[in-house]
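J.: quick one: sequence and predicted model below, then my questions.
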Amino acid sequence: MLAVVVANARDRELQFEGRRFGTTISELQKLSTWLQERAVQEVVMESTAQYWKPVWFELAGHFQLWLAQARSNRGPRGRKTDFRDAKRSVSRLLSDELILSYVPDAEQRGWRTFTRTKYQLRRDRVRLQSQLESLLEECRIKLSSVVSDLLGASGQRILRAIAAGETDPARLRGLGDRRLHATDEELRDALNGQPLPLHRKLLTLYLQRLDLIEGQIAELESMIADAMKAHQDSSNRSAKGNRAMRRLLNQLAHAAVRKRDCYLQIVFKRLSPRLGYAKAVWAIAHRLCRLIWKVLHEAVQYVEYGPAVSALTLKRRKQRLVTQLAKLGYSVQLTPILARAGS
């Protein structure tokens, strides 16, 4: 049910006319016709879960629409009615007391749907990993203690072999990557469990679900890339404190600090001893945000300097080393080494 009131903003004392409407398509069309008959120009509604969206889509193009955050339209404690809330929304809109939400256009809503669906799938992957951990504990297999990523390439090869019936720890050890830090003895000990047929069946189902999730994530990434191709040289404003933007920058920063020979990784390693891991990652996220802004708004090209050391960095390092030696009681005079002739 929709509780709708109409008032004339020019009146000193607002006189409200109210009416109830349903939420089906035909009822929403009646609502739009009823508002147009009363020469309504602006419409304000509360952002209650997802229920405001059908109303918004039906009225878009006919009226100036405003979406108010529900907490900015709270009323006094006591008996609550929908029409009182509607009247309060109109009064507070006219007095600029409502906190209004930004509603993107249809194209941006599509982007948002893609990215939020991808985020939910990644959360499903994390939950699936927890379920796999629990199943392996029941099988007395300690795979996660010897591989850094249970669902990485090595972890998945070993899990699929276990699901297929492989029990020999030596053969399972051979499926691991050469870069694994665990010794052969540690791997054999961790993989020397006793999975039952029930465990193997469940493991097979979990791995099938993992393939489905990863396939859908890859498809969504392709869809997002296709949707953004037409906007390679433009961007949009993101309000301060936007949760989606924070999450995206955090993911980008974690990826950047793990990329070898990347300047951002060098900055992270320099900051982490002083700031700690979490604050250093957020410092990289802040720097990424500034870089993205410059690339999009000033049309500059990003140059990866890699592991190259700047003159300023060398100067600061020399000063730091001299200071440390001075604290140990040494007097240091720096003399540059001349390059050999012909070198």
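T.: Received, thanks.

J.: ok, Ala70 touching Glu46?
T.: Yes. Between Ala70 and Glu46 there is a contact under Cβ atoms under 8 Å: 4.9 Å. Every C-beta, even on glycine, is put in place using the N, C-alpha and C of the backbone.

J.: the two: who's more crowded?
T.: Glu46 (21 against 15; other Cβ atoms under 10 Å).

J.: tell me how far the more buried one lies from Thr113.
T.: Glu46 is 22 Å from Thr113, where distance means Cβ to Cβ, to the nearest Å.

J.: what do you get for Lys80?
T.: From Lys80 to Thr113 the distance is 33 Å (Cβ to Cβ).

J.: how about Ala106?
T.: Here Ala106 is placed at a distance of 11 Å from Thr113 (Cβ to Cβ).

J.: the more surrounded of these two?
T.: Thr113 (12 against 8).

J.: host element of that one?
T.: helix 106-138 (DSSP states H and E).

J.: tell me how many other residues crowd Asp226.
T.: The number of residues near Asp226, taken as other Cβ under 10 Å, comes to 10.

J.: that one: what secondary structure?
T.: Under DSSP: H, G, I helix; E, B strand; the rest coil, the three-state class of Asp226 is helix.

J.: check Ser91 too.
T.: helix.

J.: quick check, pLDDT for Ser343.
T.: The model reports Ser343 with a pLDDT of 42.

J.: next structured bit after the helix holding Thr113?
T.: Using DSSP H and E, the next helix or strand after helix 106-138 towards the C-terminus is helix 153-163.

J.: let me know the average pLDDT across that following helix.
T.: pLDDT averaged over helix 153-163 gives 88.

J.: same thing with stretch 38-57?
T.: 86.

J.: list of residues touching that stretch?
T.: 2, 6, 17, 23, 28, 31, 35, 59, 63-70, 73, 85, 89-90, 93, 98, 101, 103 (Cβ atoms under 8 Å, 6 or more residues apart in numbering).

J.: tell me the buried residues in that stretch?
T.: Under the neighbour-count criterion of 16 or more other Cβ atoms under 10 Å, stretch 38-57 has Val40, Val43, Val44, Met45, Glu46, Ser47, Trp52, Val55 buried.

J.: now do it: distance from first to last residue.
T.: End-to-end distance of stretch 38-57 (Cα to Cα, to the nearest Å): 20 Å.

J.: also stretch 130-147?
T.: Termini of stretch 130-147 sit 15 Å apart (Cα to Cα).

J.: neighbours of Ala3, how many?
T.: If we define neighbours as other Cβ under 10 Å, then Ala3 has 15 of them.

J.: okay, now the unreliable bits of the chain?
T.: 75, 78, 232-234, 236-241, 307-310, 338-343 (pLDDT under 70).

J.: mind listing the helices for it?
T.: 25-37, 52-59, 82-94, 106-138, 153-163, 169-174, 184-191, 197-228, 243-256, 263-275, 277-297, 311-327 (DSSP state H).

J.: now do the fifth one: everything it contacts.
T.: Just to be clear, that refers to helix 153-163. 132, 139, 141, 143-144, 147, 149-150, 171-172, 175-177, 180, 191, 195, 200, 203-204, 207, 210.

J.: filter those residues down to the buried ones, ChimeraX style.
T.: In ChimeraX syntax, the buried subset of the contacts of helix 153-163 is picked out as below (16+ other Cβ under 10 Å):
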select :132,139,141,143,144,147,150,172,175,176,191,195,200,203,207,210
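
J.: since that was my last question, I'll sign off now.
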